[in-house]
Structures are given as structure tokens and as C-alpha cells.
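**Q** sequence first, then the predicted structure, then my questions.
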Amino acid sequence: MNLINRPRRLRSSEAIRRMVRENHVRIEDLIYPMFVMFGEKKKIPVSSMPGVYNYSLDEYLLALKEVAEAGIPAILLFGIPEVKDEVGTGAYDHHGIIQEAVRLTKLHYPNLYVITDVCLCEYTDHGHCGIIQEGKVLNDPTLKLLAQTAVSHAEAGADMVAPSDMMDGRVAAIREALDDEGYSHIPIMSYSAKFASAFYGPFREAAGSTPQFGDRRTYQMDPPNGNEAMLETALDIEEGADIIIVKPALAYGDITYRTKEQFGLPVAAYNVSGEYAMVKAAAEKGWIDEKRVVMESLVSMKRAGADLIITYHALDAARWIKEDQL
Ligand code: PBG
């Protein structure tokens, strides 16, 4: 047979496959989310996320050593406060858990890039991402608290802030507050396309942030909507977002692709808790090859256009990437 085009020619050995490989996951692309809390000698496993823990600050420092040694450039910090209240005071307290953790991180690992999640849901007793009145999440009064939270993170030494609340206008409010307080150099990585997803379940166990009534559908986006994600992203960019997060990652590759095509800004895909939990569960049962499934998932995010990947698999992925380079 005289076939001129035979794509299989470039698949015939590992060497040639590597040579023509179009996308790669680099250790430099990875951002590792971590959960910190007060107390000592506590490393509490999150049952729905094997390998993920709630760390007291001393244990957190030990874990950071691993992160730094793995060559992972950045962490995304979530805090679990000692007390929660109606207005999420713990989020913007100078001595709050995130503020303390950031100071400690910068003291011991000044070169590790520290990103803080800016939201109220871990700090409110009702578990919503904003202030509540008569069962409704109020937008504009929440903005002030989010801005205050972001400034307090910057004061503590955070390198970048990541608002995940989905209130309208929060990027503008945070940008303005940071600029006013002398933090015009601190970038905002905005959860612009954040969907009201069932894939956040395990995270809410980890952060104790399940809404006590209702759900987040009045502020997070409706999963079937793609054009709306482009609107949210356009607004966030106008308001001053520097990096765009698409969240979740696996079921939303189209959104990552469109965001990158349309706006060109750096895009981060957030490979969320439920996505992690599914892989871990299937791997524990021996039903899938964990390494191959994880790396295939992560590279799909790169292929879709993501520059950065926020993932609980970061430590494993960094190890596997190193192994494969040998
Ligand atoms: C806080 C926040 C959530 C996640 C990141 N920031 C939870 C939520 O919106 O309910 C989810 C992360 C994950 O599932 O891994 N608003």
C-alpha cells in the first residue's frame, strides 16, 4: 500500500514520541494548596482526600520542607480559624491563621511564592462567602471585608492574593485597597470562572466551610454556562486581575481553552478536591494507574491552554516529573 501520510511513523519509539511531544507539565507550573490551623503537633488527615492534611503551624513547616525540596515554586494557602462568626472576623484579623502562616512561611522559606485564598466561607459560622441578611448573601458590604482580608494578607507578606468568593466587583475593590495601602506590586489571581460545582465537596470537609443553609448558586456560576464565564473573566480583567483561574479543571477544559484564546492572560486551572478524591479512590481500589491518570489529567489542562495548575497532586506530580527526566 502506498500511503503517503502515516502518522504512526512519529510514534514508533519513546525517543521520537518525546521529540514531537506538544505539551509538558513542568514542576514550575504547579501550585500546591495547603490547609493550616492553630495548635501544635497536629496533622489531621482529610478523610476524603488521602494525602491531604490540616496542619498546625509546626507541622506545616515540616510539610513545607517537602514542598520546597520537590521544587514546587508556589503554595495556595487556606486557613481554618479557631472561631467562626457571622462576619468572618478571622479572615482579616492581623493575628488570623493565614496571617500567622504567611509570616512564618516567609521567615523560613523566603523564596517560596505564597498565594493566599481570599474568601470568608472558612471564617463565617454560616459557611457562606459573604455577609448574610435575611438569608441572602449581600454583595457590596462583603467587598469591604474581602478588601480588608487581601490587605492583611499582603501586610503579612503574601506574594499574591486569590479571591474565590465570586462577589461582583471584588477584584476592583481588592485592587483599590491594595494600591491605597502601598501594595500596588501585589498581583491578583482571580477565580474568575468559578462554577457552583459538586466537585468541591471534599474541600468543604477539609476547610469546614459547608454552607449551613442553602448553597452557593446565587454567587458561583451555573455549570452549563460558557459565555457567562467569558463575561466574568472580561470584567475581572477590566478590574485588574493579573491571572485567571478556571475552576474546576477537568470538566471545564473548554472554559480554559476559550479563556486562553480570548484573553491571552496567564490562566491557572484548579484541579479541585473532588477531582483529586475520585482519582485517589479509584487508585486505592487498584482500578486505575494513579501516576498515568494524574499526569494525563494534568497535561490535558496544559493542552487546553493552562499555564499554571493548582493541584493536590503537586507533590506526587513533581516526583513523577523528576523520575521521568532521568
Ligand atoms: C472558598 C474556596 C472553595 C474552594 C476554593 N476556595 C470552596 C467553595 O467555593 O465552596 C474549592 C477548592 C476545592 O474543591 O479543591 N470559597
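**A** Yep, it's here.
**Q** who in the stretch 51-200 of the chain is up against the ligand?
**A** 117, 119, 121, 129, 164, 200 (Cβ under 6 Å from any ligand atom). Glycine gets a C-beta too; all of them are placed from N, C-alpha and C.
**Q** between the residues you listed, identify the one with the most neighbours.
**A** residue 119 (28 neighbours; other Cβ atoms under 10 Å).
**Q** so it sits right up against residue 165, yeah?
**A** Yes: counting by Cβ atoms under 8 Å, residue 119 touches residue 165, with 4.7 Å between them.
**Q** mutual contacts of the two, please.
**A** 129, 146 (Cβ atoms under 8 Å, 6 or more residues apart in numbering).
**Q** looking at this, residue 142 is in a helix?
**A** Yes: under DSSP: H, G, I helix; E, B strand; the rest coil, residue 142 sits within a helix.
**Q** measure residue 22 to the ligand for me?
**A** From residue 22 over to the ligand the distance is 28 Å, taken as Cβ to the nearest ligand atom, to the nearest Å.
**Q** repeat that for residue 239.
**A** In terms of Cβ to the nearest ligand atom, residue 239 sits 18 Å off from the ligand.
**Q** returning to what we had before: output the residues of the stretch 51-200 of the chain next to the ligand as CSV; include the columns secondary structure.
**A** Formatted as CSV, those follow (three-state DSSP):
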residue, secondary structure
117, strand
119, coil
121, coil
129, coil
164, coil
200, helix
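**Q** would TSV of those with pLDDT and distance to residue 188 be doable?
**A** Formatted as TSV, those follow (pLDDT from 0 to 100; distance: Cβ to Cβ, whole Å):
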residue	pLDDT	distance to residue 188
117	98	12
119	97	13
121	95	19
129	95	17
164	97	11
200	96	21
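**Q** please enumerate the strands of the stretch 1-150 of the chain.
**A** Remark: strands assigned in the stretch 1-150 of the chain by DSSP state E, counting those that start in this stretch are 30-37, 43-45, 53-56, 74-80, 113-118, 131-133, 136-138.
**Q** the fifth one to strand 74-80, inter-axis angle?
**A** Compare the direction of strand 113-118 with that of strand 74-80 by axes from the mean of the first three to the mean of the last three Cα atoms, to 10 degrees and you get 40 degrees.
**Q** buried residues in strand 113-118?
**A** 114-118 (16 or more other Cβ atoms under 10 Å).
**Q** find the closest residue to the ligand in the stretch 1-150 of the chain.
**A** Residue nearest to the ligand within the stretch 1-150 of the chain (Cβ to the nearest ligand atom): residue 119, separated by 4.0 Å.
**Q** residues contacting that residue?
**A** Applying Cβ under 8 Å, 6+ apart, the residues near residue 119 are 91, 129, 146, 149, 163-165.
**Q** at 7 Å instead, please
**A** Going by Cβ atoms under 7 Å, 6 or more residues apart in numbering, residue 119 touches 129, 163-165.
**Q** same check on residue 208?
**A** Here residue 208 is in contact with 80, 122 (Cβ under 7 Å, 6+ apart).
**Q** please enumerate the helices of this structure.
**A** 14-19, 57-69, 89-92, 97-108, 140-156, 170-180, 201-207, 227-239, 253-263, 273-284, 290-304, 314-325 (DSSP state H).
**Q** lowest-confidence stretch among the ones you listed?
**A** Averaged per stretch, pLDDT over the helices of the chain is lowest on helix 201-207, reaching a mean of 91.
**Q** interface residues of the stretch 201-326 of the chain facing the ligand?
**A** Residues of the stretch 201-326 of the chain lying near the ligand (Cβ under 6 Å from any ligand atom): 203-204, 216, 272-273.
**Q** can you pull up the bridge partners for residue 124?
**A** residue 85 (DSSP bridges).
**Q** doesn't residue 89 make contact with it?
**A** No: using Cβ atoms under 7 Å, residue 124 makes no contact with residue 89, being 9.2 Å away.
**Q** out of these two, which sits in the more crowded spot?
**A** residue 124 (26 against 16).
**Q** need the contact list for that one.
**A** 84, 86, 88.
**Q** next, count neighbours for the last one.
**A** If I follow you right, that is residue 88. 27.
**Q** what's the closest non-adjacent residue to residue 260?
**A** Among residues not flanking residue 260 along the chain, residue 305 sits closest, at 3.0 Å (Cβ to Cβ, 6 or more residues apart in numbering).
**Q** now residue 251
**A** residue 199 (7.4 Å).
**Q** circling back: any chance of the residues of the stretch 201-326 of the chain next to the ligand in CSV, plus distance to residue 325 and neighbour count?
**A** Listed next are those as CSV, based on distance: Cβ to Cβ, whole Å; neighbours: other Cβ atoms under 10 Å:
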residue, distance to residue 325, neighbour count
203, 31, 24
204, 36, 17
216, 41, 20
272, 28, 26
273, 29, 25
